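Enquirer: missing the sequence, but the structure's below:
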């Protein structure tokens, strides 16, 4: 029983770490809180669902198509909504305050657009749902795939930030944008790539989610909230701590629900959310980056 | 054209016209006018905190929901007017209790905190109701729609008057100083914390009573509907579309919203929400002064 719970906590922790990684990339390099982040998870999930049920395309292939699709969407959002504003300091200052509201508008459009196009019915499909046993823990193939992909991406991101020169420029932009520009980092380019990568990671998480649970047009919102909780626990813009915080939330949620009941799930999540914002807005582990 | 006497005359004319709506004898138009007065009251109250100080609350549904809940529960014990007063008091008390810690949080953190707080309270009330074995509550023998309408209109007028008074008062200038630069305001002796808390409580009381009135109108309470985050979202959108920082903004925004919703909400709910979302983005990016700004520019020309 305990091992089974532990496994469930690791799976949901890996998923939260992955979703939050994308949110944190966008916040870190652009200082924009993307409240539509979870809706990209929804888009990824629907891409995988329709590819599988209509065309018989394996979700493993959808991982690639979703990456391209969501990155392209990120590029579009960057060029149409953000580029002009980020370019001029006066507008950028206002945009920071307004970004939440802009993304909230985008979120409402995506959710209702999906509901209009696909109907609000919840949907699901079966893929890799055979159960494997590992020393008292039963796991479906889709859960193992989820774990593998999430681990590959988060570890890959950490290695990229640690060892690759482009990762250093990203860290520099997150830490201090102006100083990064002075030492020759192409800030605009880093911001553009970050938003594409952040959106793509959310889409990938969506494909993984669609294999393990039912999907609806409004499924993104809980992911947005969970990602916010994680990112705030880790400290906004702090990539590595955000990944660790994803697992913390997975453990708290899984064991919290197991000890009480499922009706307490939302209360637990929102309780942590409000509590962390009130008591430690700089994050549990270290410090968040400066707002500007 | 935009002088103060003219403005006061225009507001009195609008209020007078709205007061005449029950004479039409049409249930439909009375219902529409009720909704118009409701949004005006909500948005003017929200503006008292958010438009003046720049602390954007994305959780005002919590005050509306608490008002609704307190009313439906207290109606078993007392007559309607007392229950409504209690609704407003409960919302104000909630704002007073959470105000100090919540208002220490700034910028985007404040926005998501208000939202998370509203959702937390919603889930707590839902849990409580489930524990009590209540999934929804009905109200029998509620007052007539006409009576409710006049009460709502009174709230809209009070909220608008309060916004107009605040705009030219010492209190309002203190709040504006907080919006422009909170640290500097504090340094020159503006009692920042007290003013923010006062604005927060003031912006909560009327939404509490509004929530109570709406429950009386629908005769039905369910926690997930009373605390619906769409209410918070609509308040912010309408305020921004109407124009922040002008007393006429919420009036114009509400007019626009109600027309749009009458045309679309019943038949195309998703399209309605998508248009609201698009309007929010377009106005924030390209028309930051809102409809009120456009109108006043037009009048000057």
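Expert: The structure has been received and is ready for your questions. Small disclaimer: the values here were computed from a predicted structure and weren't measured.

Enquirer: in what helix or strand does residue B:201 lie?
Expert: helix B:192-218 (DSSP states H and E).

Enquirer: pLDDT of that helix, averaged?
Expert: Helix B:192-218 shows a mean pLDDT of 95.

Enquirer: for stretch A:280-289, same thing?
Expert: 66.

Enquirer: For the most centrally placed residue in chain B, which three-state class applies?
Expert: Most central in chain B under C-alpha atoms, centre = their mean is residue B:42, positioned 1.7 Å from the mean C-alpha point. Taken by DSSP: H, G, I helix; E, B strand; the rest coil, the conformation at residue B:42 corresponds to helix.

Enquirer: Let me know the distance separating it from residue B:214.
Expert: Residue B:42 sits 10 Å away from residue B:214, going by C-beta to C-beta, to the nearest Å. Just so you know, the C-beta spots here come from the backbone N, C-alpha and C atoms, and that holds for glycine as well.

Enquirer: and if you look at residue B:16?
Expert: 24 Å.

Enquirer: who has more neighbours, those two?
Expert: Each of residue B:16 and residue B:214 has its neighbours counted (other C-beta atoms under 10 Å in any protein chain shown); residue B:214 has more, 23 against 9.

Enquirer: hmm, back to that, which element is encountered next along the chain beyond the helix holding residue B:201?
Expert: By DSSP H and E, the next helix or strand past helix B:192-218 is strand B:220-221.

Enquirer: so what secondary structure elements neighbour that next one?
Expert: Judged by 3 or more C-beta pairs under 8 Å, 6 or more residues apart in numbering or on different chains; DSSP states H and E, the packing partners of strand B:220-221 are helix B:61-74, strand B:137-138.

Enquirer: Can you say which of those is nearest to chain A?
Expert: Counting by C-beta to the nearest C-beta, chain A lies closest to helix B:61-74 out of those; the figure is 11.5 Å.

Enquirer: now for the helix or strand residue B:238 falls within, which elements pack on it?
Expert: Following DSSP H and E, one finds residue B:238 within helix B:229-242. Packing partners of helix B:229-242 (3+ C-beta pairs under 8 Å, 6+ apart): helix A:89-118, helix B:27-53, helix B:61-74, helix B:107-131, helix B:249-264, helix B:269-286, helix B:290-300.

Enquirer: Give me the angle between the first one and helix B:229-242.
Expert: If you take axes from the mean of the first three to the mean of the last three C-alpha atoms, to 10 degrees, helix A:89-118 sits at 130 degrees to helix B:229-242.

Enquirer: Work out for me the element residue A:222 sits within.
Expert: Element membership for residue A:222 (DSSP H and E) is helix A:220-234.

Enquirer: need the contact list for residue A:102.
Expert: Residues near residue A:102 by C-beta atoms under 8 Å, 6 or more residues apart in numbering or on different chains: A:81, A:95, B:280-281, B:284-285.

Enquirer: separation between the closest residue to residue A:220 other than its chain neighbours and chain B?
Expert: Distances taken as C-beta to C-beta, 6 or more residues apart in numbering or on different chains place residue A:38 nearest to residue A:220, at 3.3 Å, with adjacent residues excluded. According to C-beta to the nearest C-beta, to the nearest Å, residue A:38 and chain B sit 13 Å apart.

Enquirer: can you give me the strands for the stretch 51-200 of chain A?
Expert: In the stretch 51-200 of chain A, strands defined by DSSP state E, counting those that start in this stretch lie at A:131-134, A:137-140, listed in chain order.

Enquirer: got a list of what residue 214 touches?
Expert: Picked chain A for this. Applying C-beta under 8 Å, 6+ apart, we find residue A:214 in contact with A:122-124.

Enquirer: wait, I meant chain B there
Expert: B:38, B:64, B:68.

Enquirer: What of residue A:147?
Expert: By C-beta under 8 Å, 6+ apart, the contact set of residue A:147 is A:10-11, A:14.
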